[in-house]
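Novice: Quick one: sequence and predicted model below, then my questions.
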Amino acid sequence: MTPEQRLERAVRRVQADARVPALSVALHRADRSLWTCTVGTSGHPRALDAQSRFRIGSVTKTFTAVLVMQARDDGLLDLDDPIATHLDVPSHGTATIRRLLSHTAGFQREPYGDVWDLLVAPDDAALLADLAKAERVLPNNRRYHYSNLGLAVLGQLVAKLRGGTWASVLHEQILEPLGLTSTTVEPTGDAVVGYLVDTYSDAARPEPQLDMGGAAPAAQLWSTA
């Protein structure tokens, strides 16, 4: 069995064991060609292939963190600056950029409101205005507490510092320079159907495509492996 066949067998085993509708894998080493493998279906008539785009969810946070560090390198901010130094926020302005990056600022997990129940996310302005209603569940630097809200605020921060939107800054600072043409804020015709597995019925059903609005810097991107 060749190395490629062993890799494909491993991918198919993961798909079968985890019962994943669609799986796309890419492996790169400097001394050999890019290896890709897809198994499953796209959920629509277009066949699943290496160009199929998946919602990468919270991997979006990595891109937002890069934007923050680029702003630091360009002298636009210091990681120990409170966010109120750069953003006009109604509350929690003492949280520092460093703590928001590391999920140790104590922010609640989600933006204010029933985002995941109603599938309606706040826009940029509402996200910041609603900080007055958001809970600080832990003191600053007490311990790790995962927060989509925290990274969303950082996305609004870099947008303000660069004079654009998070999406436009992302494109100018990362996607275009690196040639990431298959990474987009919105789904395209290559996008696969996402599924949600009900806890008790164990049935998979299509999941609505939620536009994260002001919280996009935490979970909005689509991309290929």
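Specialist: Nice, thanks for sending it over.

Novice: And the average pLDDT for stretch 123-137 is what?
Specialist: The pLDDT scores in stretch 123-137 average 95.

Novice: What residues of it count as buried?
Specialist: Within stretch 123-137, the residues scored as buried using 16 or more other C-beta atoms under 10 Å are D124, L127, L128, A129, D130, L131, A134, R136. Where you see a C-beta, it was placed from the backbone N, CA and C, and this is true even at glycine.

Novice: In CSV: those, plus secondary structure.
Specialist: Formatted as CSV, those follow (DSSP: H, G, I helix; E, B strand; the rest coil):
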residue, secondary structure
D124, helix
L127, helix
L128, helix
A129, helix
D130, helix
L131, helix
A134, coil
R136, strand
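
Novice: Which one of those residues is nearest to V59?
Specialist: L127 (20.2 Å; C-beta to C-beta).

Novice: Identify the residue nearest the closest one in space, chain neighbours excluded?
Specialist: G214 (3.2 Å; C-beta to C-beta, 6 or more residues apart in numbering).

Novice: Then T60?
Specialist: Excluding its sequence neighbours, the residue lying closest to T60 (C-beta to C-beta, 6+ apart) is L221, at 4.3 Å.

Novice: Q51 too?
Specialist: The shortest distance from Q51 to any non-neighbouring residue, by C-beta to C-beta, 6+ apart, is to D190 (5.5 Å).

Novice: Nearest residue to the middle of this structure?
Specialist: T60 (2.4 Å; C-alpha atoms, centre = their mean).

Novice: gap between it and A84?
Specialist: Between T60 and A84 the distance is 25 Å, computed by C-beta to C-beta, to the nearest Å.

Novice: before we move on, back to that, as TSV, the buried residues of stretch 123-137 with distance to H145 would be great.
Specialist: Shown next, in TSV, are these (distance: C-beta to C-beta, whole Å):
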residue	distance to H145
D124	23
L127	18
L128	20
A129	22
D130	18
L131	16
A134	13
R136	10
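
Novice: quick one: the strands in this structure?
Specialist: Listed in chain order, the strands of the chain (DSSP state E) span 22-27, 35-40, 54-55, 195-197, 204-206, 222-223.

Novice: Give me the sheet partners of the fourth one and which way each runs.
Specialist: So that's strand 195-197. When pairing is defined by DSSP bridges, strand 195-197 lines up against strand 204-206 (antiparallel).

Novice: swap in the second one?
Specialist: On the basis of DSSP bridges, the sheet neighbours of strand 35-40 come out as strand 22-27 (antiparallel).

Novice: ok, of the buried residues of stretch 123-137, which one's closest to Q70?
Specialist: D124 (19.9 Å).

Novice: Contacts only, for the closest residue to A216 other than its chain neighbours.
Specialist: Excluding its sequence neighbours, the residue lying closest to A216 (C-beta to C-beta, 6+ apart) is W166, at 6.1 Å. Listed by C-beta atoms under 8 Å, 6 or more residues apart in numbering, the contact set of W166 reads T64, L67, D124, G155, Q156, V158, A159, A216, P217.

Novice: Thanks again, I'm all set now.
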